[in-house]
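> no letters, just coordinates:
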DNA sequence: TATTAACACGAAACCGTTTTCGTAATACAT
DNA sequence: ATGTATTACGAAAACGGTTTCGTGTTAATA
């Protein structure tokens, strides 16, 4: 056991003052060549590394960023984290991940834990419960304290801060349009309740495309699930009672599961029924047939979020100007539709 | 903007000393009823929360744990993180996640960043490069400094610390045995080079089961990929040149991709060819047919790791006794084999 | 030789807490 | 009236750094 060595230790051993050691290690002009060499050699020998906590306390900067997300097992969020990590690490920041698990209370608790000095800023995506409740006081408190926040994907307009989203409406619009172009007539949508900002936007895109076409909207072809969680029975019932030849799903799990149901009914994909999902995850790529998806570019989203946050954290002036970056979704064509 | 309030602020406003405020907030017996009430009311009114960084510096405890893993997009690791989060959060700890991305250098850099006071201990799974190099000095340095480390899944015997693994050999043994019982004669293994501790153990389990049976080992039926990364061509070539009726894969991606290849050749699963993978992820569950897997119980692994680590962190005596927890793998039977 | 500038370093404050120890003021016993 | 407990609080050190400012010594200048 060789415990960490401190400035004080070096100062004692070398019989100089702590300030001299500190300056010598920073190569300050104030210190003589001799002393600097002596101190630096000693520090190197004993592998001196400054204590991050002490520096944080002094600088009031932790070089940590807090990420609060609903879930980590969903592929989309993991790619976002990867993007955040990538950018943040390159800038010398660490990432503290907290999971709200779609719970409002956990989101609040996690934010409070981190807001007391542990982090320089937040990157977050709201839990479904928070979006449902519409209570954003915990966010307001944090921004009021001058802690920068970046919201991504699941955002709210009630908080003034930087935001990063993809154009969910456009994504759904593109997908639906694709179905229409390919001659599909009965296009279903499997989504969730509108309290989830992304589901709402996607539903709008779907509706928009249908309204623009001669097909028109048939509300009965929209299945609204209570949450993003899988409900096998709900989907099964829907397929047993509705005849459709194309399905747009707000995530990939709904889509892949639906594909399996269709196959069990003996339907051919994409001839009899075609599928498009959201989120370009492993599931879509390795499904059988592979699933066409609207890619949300999670990694890019993470990078952009981290960039916005770190810019704010490191900018001296506290400008009160916020931007919303809207990323373009792209359609990744695979075997679940014609091509 | 209302910035955070400190003890000093309260002391100034109430015209008492900082120590009195500190004690009053802790309900110390030393302080009179009146003063305590006054201070506590004031603190509540201005929403005083102690600064974590200052407390960390004082206590030499951060209540942060560092998690260094090769990748976050793999389902297994995300479930482990979730398990860690769950336990750690319940104990009041935050989780700092760093990704090595299978790179030795990144692993070293991340550990060094965190080891200088940012965390109370590490939970990690080694990068493939680290296992390949066999260089564990960065781990040794950390443990030498008295920072507790828990290794999970991808471990090494060269470091004395707590470890959590599943019995990979047993898992592979169980899976192979299952194939044999079901009458499969040509059982292939798709694995990686042996430098990955888990692949090595799984290969041993596979070999053991075959040796025990009358089938015996046929080395040509083992495909060793250079890494856990997908190499579509490698697998395709293997299937084009080998006739097999059962395949054990060390991860789910290899398995799901192999299943698709088999289906493209017109083979029936599981009649003509059966599949078992490792890692019980979304992919296995939603594959078509669904994939039988050896479950690694990632979440449990995370919980156990966090428990071991926090126990060490919070124990006063620095016992030099380490344990290795070996979790039992379980076979999750799905449609890719008979049942 | 007296004055000044440059150099090299140390003392001390500070970041926000916790905690030990000392002490003034009061109450009580003798 | 004197001595002793008890109460209620404050001063100060400590955690490990950074940074400002002051100062003694030497060297250069007038």
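Good, I have the coordinates. None of the values given here were measured: they were computed from a predicted structure.
> quick check: closest non-adjacent residue to the one residue sitting closest to the centre of chain A.
Geometric centre of chain A, nearest residue: residue A:80, 4.3 Å, by Cα atoms, centre = their mean. For residue A:80, ignoring the flanking residues on the chain, the nearest one in space by Cβ to Cβ, 6 or more residues apart in numbering or on different chains is residue A:302 at 4.0 Å. For every residue, glycine as well, the C-beta is placed using N, CA and C.
> now do that neighbour, the pLDDT please.
Confidence at residue A:302, expressed as pLDDT, is 98.
> on the three-state scheme, it is what?
helix (DSSP: H, G, I helix; E, B strand; the rest coil).
> give the contact list for it.
A:79-87, A:123, A:152 (Cβ atoms under 8 Å, 6 or more residues apart in numbering or on different chains).
> same question for residue A:106.
A:99-100, A:127.
> can you put the residues you listed in TSV and add secondary structure and pLDDT?
TSV is the format used below for the contacts of residue A:106 (DSSP: H, G, I helix; E, B strand; the rest coil; pLDDT from 0 to 100):
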residue	secondary structure	pLDDT
A:99	strand	97
A:100	coil	97
A:127	coil	97
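> which one of the residues you listed is nearest to residue A:25?
residue A:99 (39.0 Å; Cβ to Cβ).
> surely the closest one and residue A:66 touch.
No - using Cβ atoms under 8 Å as the test, residue A:99 is too far from residue A:66 to be in contact (11.9 Å).
> what touches both of the two?
residue A:110.
> who's more crowded, those two?
Higher neighbour count among residue A:99 and residue A:66: residue A:66, with 27 against 24, using other Cβ atoms under 10 Å in any protein chain shown.
> helix or strand: which one has the more buried one?
strand A:64-69 (DSSP states H and E).
> please see if stretch A:255-262 touches chain B.
Yes - Stretch A:255-262 reaches chain B (Cβ under 8 Å from any Cβ of the partner chain) through A:256-257, A:259-260.
> let's see which of those residues end up in strands.
Using DSSP state E, no member of the residues of stretch A:255-262 next to chain B falls in strands.
> need those in TSV with pLDDT and neighbour count, can you?
Formatted as TSV, those follow (pLDDT from 0 to 100; neighbours: other Cβ atoms under 10 Å in any protein chain shown):
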residue	pLDDT	neighbour count
A:256	94	27
A:257	94	21
A:259	95	26
A:260	92	19
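> please identify which of those is nearest to residue A:166.
Closest approach to residue A:166 among the residues of stretch A:255-262 next to chain B (Cβ to Cβ): residue A:256, at 20.6 Å.
> distance of the closest one from residue A:244?
16 Å (Cβ to Cβ, to the nearest Å).
> and if you look at residue A:162?
Applying Cβ to Cβ to residue A:162 and residue A:244 gives a distance of 39 Å.
> the more surrounded of the two?
Neighbours per residue, other Cβ under 10 Å: of residue A:162 and residue A:244, the larger number sits with residue A:162, 24 against 21.
> now do the same contact list for that one.
So residue A:162 contacts A:148-151, A:305, A:308-309, A:312, A:322-325 (Cβ under 8 Å, 6+ apart).
> only the buried subset of these, as a PyMOL command please.
Applying 16 or more other Cβ atoms under 10 Å in any protein chain shown to the contacts of residue A:162, the buried members can be selected in PyMOL as follows:
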select buried, chain A and resi 148+149+150+151+305+308+309+312+322+325
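> the helices in chain A, which residues?
Counting by DSSP state H, chain A has helices at residues A:7-14, A:18-25, A:33-45, A:52-59, A:75-90, A:104-115, A:128-133, A:137-144, A:168-181, A:197-212, A:232-241, A:252-264, A:282-286, A:298-314.
> contact partners of the first one?
Just to be clear, that refers to helix A:7-14. If you take Cβ under 8 Å, 6+ apart as the criterion, helix A:7-14 is touched by A:17-18, A:20-22, A:25, A:38-39, A:42-43, A:46, A:48, A:50.
> export these to TSV and tack on distance to DNA strand C and neighbour count?
Below are those laid out as TSV (distance: Cβ to the nearest atom of the strand, whole Å; neighbours: other Cβ atoms under 10 Å in any protein chain shown):
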residue	distance to DNA strand C	neighbour count
A:17	3	12
A:18	6	14
A:20	3	21
A:21	8	27
A:22	8	16
A:25	13	19
A:38	9	17
A:39	9	24
A:42	14	18
A:43	15	20
A:46	18	14
A:48	16	19
A:50	13	15
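> out of these, who's nearest residue A:169?
Nearest member of the contacts of helix A:7-14 to residue A:169, counting by Cβ to Cβ, is residue A:50, at 49.1 Å.
> mind listing what that closest one touches?
Per Cβ under 8 Å, 6+ apart, neighbours of residue A:50: A:7, B:116.
> please redo it, this time with the cut-off set to 10 Å
Residues counted as contacts of residue A:50 (Cβ atoms under 10 Å, 6 or more residues apart in numbering or on different chains) are A:4, A:6-7, A:22, A:25, A:43, B:116-117.
> same thing with residue A:300?
A:79-80, A:83, A:164, A:166, A:325, A:327-328.
> how much space separates it from DNA strand C?
36 Å (Cβ to the nearest atom of the strand, to the nearest Å).
> I'd assumed residue A:206 was in contact with residue A:170.
No - taking Cβ atoms under 10 Å as the definition, residue A:170 is not a contact partner of residue A:206, at 11.2 Å.
> looking at those two, which has the bigger crowd around it?
Each of residue A:170 and residue A:206 has its neighbours counted (other Cβ under 10 Å); residue A:206 has more, 27 against 18.
> give me the pLDDT value at that one.
Residue A:206 is given a pLDDT of 98.
> show me what contacts the residue of the stretch 101-250 of chain A at minimum distance from DNA strand C?
Per Cβ to the nearest atom of the strand, residue A:117 is where the stretch 101-250 of chain A lies closest to DNA strand C, at 7.4 Å. Neighbouring residues of residue A:117 by Cβ under 10 Å, 6+ apart: A:56-57, A:60, A:62, A:64, B:4, B:49-56.
> do the same with residue A:250
Residue A:250 makes contacts with A:168, A:171-172, A:189-192, A:196, A:198-199, A:201-203, A:206, A:224-225, A:228, A:277-279, A:294, as judged by Cβ under 10 Å, 6+ apart.
> who does residue A:189 bridge with?
residue A:222, residue A:248 (DSSP bridges).
> average pLDDT across stretch A:323-335?
Stretch A:323-335 comes out at a mean pLDDT of 97.
> buried residues in that stretch, which are they?
In stretch A:323-335, counting by 16+ other Cβ under 10 Å, buried: A:325, A:327, A:329, A:331-332, A:334-335.
> number of nearby residues for residue A:199?
Neighbour tally, residue A:199, other Cβ under 10 Å: 26.
> wait, it touches residue A:193, no?
Yes - applying Cβ under 10 Å, one finds residue A:199 in contact with residue A:193, separated by 6.9 Å.
> overlap in contacts of those two?
Joint contacts of residue A:199 and residue A:193 (Cβ under 10 Å, 6+ apart) are A:128, A:131, A:224-225, A:227.
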